[in-house]
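Enquirer: What would the 3D arrangement of this be:
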Amino acid sequence: MVQFTRKKIDSLTLGERMKKIRDEKRLSLADVSKSTKIQTKYLQYFEEGEYMKLPADVYVKGFLRSYALYMGLSETNLIKQFEREKGIHKNIKKIVEDEKSGKPINFSIFVISPKMIVVGALTLLALGSFVYLYLQVNNFVSTPRLVIIKPTDGTAADGSSTHVVGLAEKDALVTINDQPVLVNEKGEFSEDVGLKDGLNVISVKAKNKFNKETTQAVSVSANLQPTEAQASQSDQNQQAGNVDQQNSPINAEVYVSPGSTWLSVEADGNLVYSGVLLPQSVQKFQAKEKISVSSGNGSETFVKINGKDLGQLTAGSAPAKDIIFNASGKVLSK
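Expert: Take a look at the predicted model:
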């Protein structure tokens, strides 16, 4: 008698799989968000399968790389499963929309002559041309829309960075402190901006295709005085003979080439940047003791410390996590 072996087929979706792994490790969404620098709402969208609420794919791939690195998974498998399921979601949505758009045809006794069709077409053409010209002229003479949602002017920040969120025209070029940021199809943008001790002025600019520019600025104050524990650690380092290194400031410049790459930077243990860094844009950071850099692609991420070009963050194209630099530019072991 022939015996058959039963084999269980894993039919979990990407979201179910991510939730199962998180539950098995007894981690909350906040725990995963803190370790991967992925916002909690995006992790929830992944687990609930709401892919259409996620940002552009370049962000999503960066999120999945960071998630795979943290959970010890294959980033290639996660990205492939996401692309496959997102395609299925799009096809299902299209079918539903096509079914909803079907309407019964009502015939009328009113007879449309060829002359009426020609007159109607010419009228619509003239009206469309007028509307198009009006919009173009209005765009040419008006400045682009720019709204800073947060932080509000005069805000006091708790840490060494603040999250800037705003709205602009979807085709506008937006910069924060002269560094370009991504704007999605809805005109939304968000970016983490590092702060120095005292008063910080954050300048946000939006420029449209007619080179019309709108500028807004908000003031944010930050108190970055060292805590008692940090002061105690500093004293211990000085007693150990590390006075010169402690007193030497660290000025770091980080840029990516040739493509955009997810990036996270910590200065003296405080998160000062987390997001997708665009090509040709440079992020500058300052620290007293150390700077830690994590990247979605180590070979496309380049670092300068105190004017010294250290080249690639890592030799391979795999994600690089917590690469630490001191004032001399030497890579330290964590």
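Enquirer: which SSE is residue 152 in?
Expert: Following DSSP states H and E, one finds residue 152 outside all helices and strands.
Enquirer: For it, give me its contacts.
Expert: When contacts are counted by C-beta atoms under 8 Å, 6 or more residues apart in numbering, residue 152 touches residue 218. Quick note: C-beta positions are derived from backbone N, CA and C, even for glycine.
Enquirer: Start at 38, not 1
Expert: Got it, the first residue is 38 from now on, which makes the last one we talked about residue 189.
Enquirer: Could you check how far it is from residue 240?
Expert: As judged by C-beta to C-beta, to the nearest Å, residue 189 and residue 240 stand 15 Å apart.
Enquirer: what do you get for residue 302?
Expert: 20 Å.
Enquirer: Tell me how far the residue nearest to residue 85 when sequence neighbours are not counted lies from residue 330.
Expert: Spatially, and ignoring its direct neighbours in sequence, residue 85 is nearest to residue 52 (5.9 Å; C-beta to C-beta, 6 or more residues apart in numbering). Residue 52 is 30 Å from residue 330, where distance means C-beta to C-beta.
Enquirer: Who has more neighbours out of the two?
Expert: residue 330 (23 against 20; other C-beta atoms under 10 Å).
Enquirer: okay, the more buried one: pLDDT?
Expert: Looking at residue 330, its pLDDT is 91.
Enquirer: for residue 163, same thing?
Expert: 88.
Enquirer: just the one 5 residues further on next, same as before
Expert: Looking at residue 168, its pLDDT reads 75.
Enquirer: where in this structure is pLDDT low?
Expert: Judged by pLDDT under 70, the chain has its weakly predicted residues at 38-47, 133-148, 173-178, 262-284, 369-371.
Enquirer: can you list the domains in it?
Expert: 51-130, 183-259, 281-369 (automatic domain parsing).
Enquirer: of those, which approaches residue 160 most closely?
Expert: domain 183-259 (29.7 Å; C-beta to C-beta).
Enquirer: Can you read off the backbone torsions of residue 201?
Expert: Here is the backbone geometry of residue 201 (degrees, to the nearest 10): phi -100, psi 120.
Enquirer: Go ahead and confirm it touches residue 231.
Expert: No: counting by C-beta atoms under 8 Å, residue 201 does not reach residue 231; the two are 11.1 Å apart.
Enquirer: In which helix or strand does residue 186 reside?
Expert: strand 183-187.
Enquirer: which residues touch residue 261?
Expert: If you count contacts by C-beta under 8 Å, 6+ apart, then residue 261 has 197, 232, 233, 234, 307 around it.
Enquirer: now, which of those residues lie within helices?
Expert: Assigned to helices by DSSP state H, none of these qualify.
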